[in-house]
Every structure is written in structure tokens, then in C-alpha cells.
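Colleague: Predicted model, plus sequence, below.
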Amino acid sequence: MDLRPYQKGALERILGRGRMIYADAPGTGKTPTSLAWLHAAEVRRALIVAPLPVLHHWESLAGVWWPGAEVHVGHGSAKRRAAARERVFEAVGPSGLVVNYEAFRADHEHYLGRFDAAVFDEAHRLKNRRAQVRKAAGKVARRVNRLLLVTGTPLVNSADELWSSLNLLDHKAYPSYWRWTREHFRTEDIMPRGRVGRPVTLVGDLKYGHEALVREQIAGVLIQRPIEELLPDLPDVTETTVLVDLSPSERKAYTSMLERFWMVVDGEVVQASNTVSQMTRLRQLASDWSEMGGDTGSKVTSAAELVADLHPEQAVVICAYKASVRSLRAALDKRGITTVTYTGDDVQDRRDDAVKAFREGRAQVLVGTHGAVGEGVDGLQVARHIVMYDRAWTPAANEQAIARIRRSGQSATKVNVVYIEAKGTIDQYVAEVVEGKQSVFDALVGGFSKEDLCPT
């Protein structure tokens, strides 16, 4: 097997730099390229940190793209993880340890000074500089010669998240988050009402003219090319929005929650203690209020009818909440449509079985959550329809979901994306927020494709 030309182009850049953000789109083969980099760079010992569902995927591909290396998965009990570490440390030739983020956070002290290179898959998980896993990553990053941050989404919520990646790659050049943000962003110090002590600093938009400065900082360390450029044969995307009217009972409850921070559902009072809680309740109600005691939600009924109309074609449905997944499955089961689910509540073996049943055509519909389906799931591209039952708050999560079917192996000439929105609700506000974030992200991390074009 051989890398594709665009993968070879990425490999050359990573080899030349040694510490990079590898952010090509999902489905473009970043895992083989990353392993080929470890092989080409003659890495003696590598640490690979990845989400739990894809640990063995990395292990199996290492046999192809990092030949001669002894690779072990460190997962499970502390004793099993320690045994895997020792096998890696005692290996005579090249070796690698593959661990999930939870194990990495718990065991990172054992890794310090023991690896030549580190790869963080789905590295956007490290965006929060205050999180313990991010602090652990910082310790490891400073003690390895080579570092690769692999992600299809270098920005998730806001532009200041870029500092986390820049600091991991070069902590000497970017030692302070606040120094960097105060230089490039509008900031405001406020004293929250009733609080005694230090003020809170709010980070706003980029300062005028600083967009180009930040782009210049990341240009040399970022590989991110449009998927259409890398995989020109991918199908086009058709996007449709279906607006759903809430029932009178749903509208009454929604308006009450919006105006009074409480609503009555099936005789029970549901309250929101603050604005964040209120927004969550509004999203849950617009998505499906049956879990709060109401009847089957209007969105559930509309989505089930839409999917039924697609029969016998397969479809993937993405929800924000597990409760909506359960309601949708029940509604589809009543219509005689074979459905499997993919959520964080399902053990990994059950998730794998669900994908297998869908891939083999034994299930017409796979319904899952953004959090579960968005990362590391392959095999769903047998379908050409994806129903975005709920949008995520971030463009990255929505793009990751759509990339589950618009990727290598998709044989259709067109992929259909259907957004379902409850009319006059927070659903439409979320769509506006996502669009605004996308424009900022495009301005910062878009447009680097020409320098990344690889030789034919």
C-alpha cells in the first residue's frame, strides 16, 4: 500500500517541521499519514493518545504504516495499563503505546521523558487550557522532540482556542494565554455583581487588523486543506431545512419557559435556575418534550415521517440528546423501520454491532448523538441521507457528523443533508450562532490550501 499524493504532501511538511497541527478534513486518511510519519522519522518510541473507540484502529493500522514497530494498547485497569507500558519500554526496536484520553490523564506522569514523539488524535479535546487532561498534555509536549496534533476541527467554539495548540507546539514562544489574548483580542475586565476580589476578564473578538497576524502565526504549523481539493470525487451536498410547528401544548410550555423560567408539563412544574439552564430546557423541549412527561414531540413525529418516506434507502439521524434518540427509535419501530442507536450509554461492543448492522443493510436507520457519532465512526457512508435532527452549537461538531457519510467509500453522486428546526424556537437561534462562528473560523484557518498542494 502507498499513501495518496495529498497524504505524501502532508507527510513532507510534518517531517520538515516536526511539530504540527494536522487538520485535514475527516475521512482523508490522517491516521495512516501520522503512522507513516513515525516510520519515516525513525521514531524510537511514540505515545499515541486517541478516543477510546479508535484505539484498536490505530493499533491495527500501525502494522501497515509503521512496519517493524511493536505497538500496544494501554487500556483497562491500572495493572493492565502498566503492563502495556512496560512492554513498550522494553521493546528492542521501535515501539508505540496507544491510550485513551482518560488513561492518559491518569498515567501521564509515567510518560514524562520516556517518549520521543507524541500524537494526539482528536486534539481539539485539548482546547480547554484549565482542564487536567490539557495540563497533562502540556507536560508531555514539553518533553518530546516531535509532536503531532491531529484534528479535523482546530477551532471548536472561539478563536482564542488557538492558543492551546500554539502553546503545545512551542511553549517558549507562546507561554501565556493572557498575554497572547490581550495582544490580539478585545478584552474587558468586569466585576460580577456581588463578588469580592479580582475582576473577571472577558475575551471578545479579534482586534482590527490582528486577523492577519494570527493567521501568520498558525500558517507555518497548520495543515488544513478543503476536502474537495483532496478528494475531488466526493459527492456534492444538498442541504434542506424542514420547519416544524410545535403543537399548542408545546408552544404554551415553551413560551412559559422563555418568559418565566418555568413551565408545566403533564401537571408537573419544570423550572430553570438560571439562563444557561433555561436555554437547555428550551432546547430539550424543542427537541422532544416526552422525557419531561409530554406526548411524543412534534419534531419526533416529523423526523420519523421523513425517514419513513426515504424507505428503502438508509439514513443517519443525529440528535443532541439521548432522550431524543430513544423517542425517535420508538417512533420508527412503530412504523416497522429497523433502527439501531449509537450513544454514549451504549458499550463499545454494542456500538460496533450497530455500525455493522447498518453497514450490512440489516438496519435502515442509525440514530445517534453528536458526541458519540462525531468522532472515529466509519462505515456509515453506505447511506446518502443524513438528518440533522438537532444542530450542535459548534460548526465543527456539525461538520464531523456530516463527514460520517461524506467520505471515502461514498458511492452516491450527491449527499442529502436535512436540518429539522422547530419554528420560532431556539433551534433557529442555534443555526444563526453556528453560521456566525463558521465565518470567523473560515477567516482564521481557511485559505491555506495553496501552500499545501502536494506534487503530482
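Modeller: Nice, thanks for sending it over.
Colleague: For the protein, name the helix or strand with the lowest mean pLDDT.
Modeller: Least confident helix or strand of the chain, by mean pLDDT, DSSP states H and E, is helix 449-452 with a mean of 43.
Colleague: In contact with F104, which residues?
Modeller: By CB atoms under 8 Å, 6 or more residues apart in numbering, F104 lies in contact with 49, 111, 133, 136-137. The C-beta positions use only the backbone N, C-alpha and C, and glycine is treated the same way.
Colleague: Recalculate using a threshold of 7 Å.
Modeller: 49, 133, 136 (CB atoms under 7 Å, 6 or more residues apart in numbering).
Colleague: Equivalent analysis for T241, please.
Modeller: By CB under 7 Å, 6+ apart, the neighbours of T241 are 419, 421.
Colleague: For it, pull up the helix or strand it's in.
Modeller: Per DSSP states H and E, T241 falls inside strand 236-244.
Colleague: Give the partner strands of that strand in its sheet and their orientations.
Modeller: Using DSSP bridges, the strands paired with strand 236-244 are strand 414-422 (parallel).
Colleague: Going by neighbour count, which residues in the partner strand are buried?
Modeller: 415-422 (16 or more other CB atoms under 10 Å).
Colleague: Rounded mean pLDDT for it, please.
Modeller: Taken as a whole, strand 414-422 has an average pLDDT of 95.
Colleague: now do stretch 162-181
Modeller: The average of the pLDDT scores along stretch 162-181 is 95.
Colleague: can you list contacts of it?
Modeller: Under CB under 7 Å, 6+ apart, the answer for stretch 162-181 is 19, 21, 126-127, 129, 134, 137-138, 141-142, 147, 149, 154-155, 160, 187, 203, 214, 217-218, 221.
Colleague: Show me which positions of it end up buried.
Modeller: By 16+ other CB under 10 Å, the buried positions in stretch 162-181 come out as 162-170, 174, 177, 180-181.
Colleague: would you turn those residues into TSV with distance to S287 and secondary structure?
Modeller: Formatted as TSV, the buried residues of stretch 162-181 follow (distance: CB to CB, whole Å; DSSP: H, G, I helix; E, B strand; the rest coil):
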residue	distance to S287	secondary structure
L162	31	helix
W163	33	helix
S164	31	helix
S165	32	helix
L166	36	helix
N167	37	helix
L168	36	helix
L169	39	helix
D170	42	coil
Y174	39	coil
Y177	35	helix
W180	37	helix
T181	34	helix
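Colleague: Among these, which one lies nearest to G409?
Modeller: Distance to G409, by CB to CB, is smallest for S165 among the buried residues of stretch 162-181, at 29.5 Å.
Colleague: Could you report the separation of that closest one from R179?
Modeller: From S165 across to R179, the span is 16 Å (CB to CB, to the nearest Å).
Colleague: Kindly report the same for A62.
Modeller: From A62 to R179 the distance is 39 Å (CB to CB).
Colleague: residue at max distance from the center of the chain?
Modeller: G267 (38.4 Å; CA atoms, centre = their mean).
Colleague: Which pLDDT value does the model give it?
Modeller: If you check G267, the pLDDT there is 78.
Colleague: gap between it and A253?
Modeller: 12 Å.
Colleague: go on, V98?
Modeller: Distance from V98 to A253, by CB to CB: 47 Å.
Colleague: next one: L366
Modeller: Distance, L366 to A253, by CB to CB: 30 Å.
Colleague: more neighbours, these two?
Modeller: Shown here are L366 and A253; by other CB atoms under 10 Å, L366 has more neighbours (27 against 24).
Colleague: what ranges do the strands span in the stretch 251-400 of the chain?
Modeller: 262-265, 268-271, 315-319, 339-342, 365-369, 385-388 (DSSP state E, counting those that start in this stretch).
Colleague: quick one: strands adjacent to the first one?
Modeller: Using DSSP bridges, strand 262-265 pairs in its sheet with strand 268-271 (antiparallel).
Colleague: One more: the third one?
Modeller: Sheet partners assigned to strand 315-319 using DSSP bridges are listed as strand 365-369 (parallel), strand 385-388 (parallel).
Colleague: and the nearest residue to Q438 once chain neighbours are set aside, how many neighbours?
Modeller: Spatially, and ignoring its direct neighbours in sequence, Q438 is nearest to P395 (4.3 Å; CB to CB, 6 or more residues apart in numbering). For P395, the neighbour count with other CB under 10 Å is 23.
Colleague: got the contact list for P395?
Modeller: Taking CB under 7 Å, 6+ apart as the criterion, P395 is in contact with 434, 437-438, 441.
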